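Engineer: Structure for this input, please:
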Amino acid sequence: MSHAHTRAESGESAPFHFETTWRVAEAVEPVWDVLSAIDDWPGWWPGLAWVHAVDGTLAEGSRAQIGVRSPLGLSLSMMLRIEAIDPPRQVVLSAEGDLRGTGVWTLRRSGPLTVIDAVWCVTTTRLAPRLLRPLSARMHAAVMAAGETGLRRRLSARA
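Structural biologist: Reported below is the predicted structural model:
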């Protein structure tokens, strides 16, 4: 998946690249609706400790503060900002805080499924993520897998 590469600044780690694909048996629009309800994420996405939509809208420039808890107990906090949005197909995000970089989430229909591709390229100044770098892909994958499972449950509960 293509993405904007984040260059490390002084004192930051080399970039972490994470690519995830979710597949859910639902149309794109209902999936977008659930993903757009940012404040609701912790209710269905284990690993997201808290979310606060700062601006209350989903538009370019909107921000949300989020807290992530990894399976190993590592907590990360960051401010996400929408850099570009094309509902219900794509959102481009920037992250500042414990992680700095960019993320692109793309939704598309593939037969009976909606496929969600998420790509993140981030750096950090924190020591713990650097020391745990060999495990970072697994921790990210675990948090994202829990998110995919939670999204499926949320969508089936809405049906």
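
Engineer: List the buried residues in the longest helix along the chain.
Structural biologist: Secondary structure of the chain per DSSP state H: the longest helix is helix 133-158. In terms of neighbour count (16 or more other CB atoms under 10 Å), helix 133-158 has its buried residues at 136, 139-140, 142-144, 146-148, 150-152, 154-155. In short, each C-beta sits where N, CA and C put it, glycine included.

Engineer: Grab the two from those residues that are most spread out in space.
Structural biologist: Ser136 and Leu155 (28.4 Å; CB to CB).

Engineer: Just the CA trace of the lowest-mean-pLDDT helix or strand in the chain, in PDB.
Structural biologist: Within the chain, no helix or strand scores below helix 127-131, which has a mean of 87 by mean pLDDT, DSSP states H and E. Output of helix 127-131 as PDB, limited to C-alpha atoms (Å, rounded to 0.1, in the frame of the first residue of the first chain):
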ATOM      1  CA  LEU A 127      12.200   4.900  24.800                       C
ATOM      2  CA  ALA A 128       9.700   2.000  25.400                       C
ATOM      3  CA  PRO A 129       8.500   1.700  21.800                       C
ATOM      4  CA  ARG A 130      12.100   1.900  20.600                       C
ATOM      5  CA  LEU A 131      13.100  -0.900  23.000                       C
END
